[in-house]
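Q: I'll drop the sequence and a predicted model, then ask my questions.
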Amino acid sequence: MAESFNLDLGKPGRQCALPWRAMSAVPARLLRRWPLGTDRRGAVALWMGLTMPALIMAMAAGIEVSDWAAVKVELQRTADVAATAGVIYYSKNSGQANLAQNAATHAAYIAQINGASGKTSPDWTPATKTLVDNMITVQIVPGIKALTDIAVRATVRKTISLAIGKIFTSNPAVTISASALAEVVVSSSGPQPCILGLSGDQDGVTTDIDVSLTGNANIDVNGCSVRSDGAVKLTGNAEITASGTYAAGAISTTGNSQVIGGSYQNAGQISDPYISHAVLQSALQAAATATGPVINCKNNDPPQVLSPGSYTSISASGNSSLTLSPGLYYVNGNVSVSGNGTLTASGVTIVSTGTVSLSGNTVFNAFTAPTISGANTFGGIPGVLFASNSSSASSFTGNTAVPFTGLVYYPHGALRFTGNATDGSTGCSEIIANSVIFTGNANLGGNCSQYGTLTFGSVLTSSNALVE
């Protein structure tokens, strides 16, 4: 028996059985009257029932993520305010003891006021200049506009419990963070210093005497200034003639001493301009591991000529004659010249771990740093004549002048000049030391354009900027 299908023709009592194969012959107008051909309400309801949970979760997750975004904006504002507050504190309290820690603490305090979670006693790590205050971290870091600038980086975090997110992860909460960097952007003005005493900047004290003149000492600097990060003191008949004398502390004169060319006390401190000079700082590190011969030229020894390279020490005494060929010298020790000998050192850079001592009646045929073109040809650091990280005192003494040209860089030790020991009036001669003591005459010049020494002013001005 063939399969049949009962078709309701729409009139009571009138049904007919059609073979299944005959369904294709049923007119479409009759099939459209069949309920399954027109009623799709069940299918839609089924689809809605299946997709509604996913839609609800997606909407809830969207709301949760939107909440995270709102928290992120709030945290970013807090980080911005904290970093800016920290850098303002730093710039307004130059010379304060524990300045880095105090500035970081101030930034964290401002973050707490703006809703970040802190604690009673934050943790301070001096080595990395980092303060951790529960959900607040503040770091004192180099600037990005200039490495010599100081910047404050503030990072704030907040933990939010998950709602819908728990479905997708085993973590019960998510931590949102935001970070900001504010920088003390420093610029300089005023004349270029030919003499810079750094002690005050390194210990934050302005009462240190970083530049001093006693007796009949007379300093005449041609077209440049004298600069101290502490105080300047003149006694006896001492005299400074310069484009300006600037001190972070006081400038005092006693007896017949005087300052000619402008005296500017309480002028703030300036940083070591060469602290971020990568080539010079790398050379100072290399000198600490240098190995080489000990050079000791004595009385009546044959004249000796040295080539650039590494040495343990270099000394010349008596009537000896010593010539240093142009280039870069690493000396893991001291450099000394004394007696009535002759020294010729043209276009050289001497980078040492020890002291320098120039004394007696030595004849200096030349004692000059490389020019820019000379350094490109023979080596050396443009404009740098002698550099050392030693903290011991070094001296230029004697009755004959040392006509040096270039920079003498001695940031951690005292440089003493006695007699008529310094004469750089004909060109470029600059001194940067922890402290500079004159008991004799010195003539210095600031014409350093061909030597490539760094350009910086006697007065620093700073502005605070949110840079990241």
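A: Cool, got the structure.

Q: Run a quick check on residue 286 versus residue 351, I expect a contact.
A: Yes: under the contact definition of C-beta atoms under 8 Å, residue 286 touches residue 351, with a separation of 7.4 Å. For the C-beta atoms, the positions are set from N, CA and C on the backbone; glycine is no exception.

Q: between those two, who's got more neighbours?
A: Legend: neighbour count by other C-beta atoms under 10 Å for residue 286 and residue 351, higher for residue 351 (26 against 14).

Q: can you give me the strands for the stretch 351-468 of the chain?
A: Remark: strands of the stretch 351-468 of the chain, listed N- to C-terminal, are 356-358, 363-368, 384-388, 394-396, 404-417, 422-423, 429-438, 441-445, 459-466; assignment by DSSP state E, counting those that start in this stretch.

Q: shared neighbours of residue 286 and residue 351, which are they?
A: Both residue 286 and residue 351 are in contact with residue 330, where contact means C-beta atoms under 8 Å, 6 or more residues apart in numbering.

Q: Residue 236 in helix, strand or coil?
A: At residue 236, secondary structure determined by DSSP: H, G, I helix; E, B strand; the rest coil is coil.

Q: From what I see, it and residue 256 are in contact.
A: Yes: counting by C-beta under 8 Å, residue 236 sits close enough to residue 256 to count as a contact (7.1 Å).

Q: ok, how many other residues are close to residue 97?
A: Residue 97 sits with 10 neighbouring residues when counted by other C-beta under 10 Å.

Q: Show the pLDDT at it.
A: In the prediction, the pLDDT value recorded for residue 97 is 78.

Q: please begin residue numbering at 50 from this point
A: Sure, I'll start numbering at 50, so the last one becomes residue 146.

Q: Check for me that it belongs to a helix.
A: No: in this structure, residue 146 is coil, not part of a helix, as judged by three-state DSSP.

Q: Next one: it from residue 426, what distance?
A: According to C-beta to C-beta, to the nearest Å, residue 146 stands 48 Å off from residue 426.

Q: Checking residue 125 next. Helix, strand or coil?
A: Going by three-state DSSP: residue 125 is helix.

Q: again with the one 5 residues further on
A: Here residue 130 is recorded as helix under three-state DSSP.

Q: Quick check, it in contact with residue 159.
A: Yes: under the criterion of C-beta under 8 Å, residue 130 is in contact with residue 159, at a separation of 5.9 Å.

Q: where in this structure is pLDDT low?
A: Across the chain, the stretches falling below the confidence threshold (pLDDT under 70) are 50-115, 117, 143-144, 195-197, 211-221, 235, 250-253, 448-449, 469-475, 511.

Q: Output the longest strand belonging to the protein.
A: With DSSP state E setting the assignment, residue counts place strand 222-238 as the longest strand in the chain.

Q: Going by contacts, tell me the helices and strands next to that one.
A: Packing contacts for strand 222-238, counted by 3 or more C-beta pairs under 8 Å, 6 or more residues apart in numbering; DSSP states H and E, involve helix 90-141, strand 199-210, strand 508-515.
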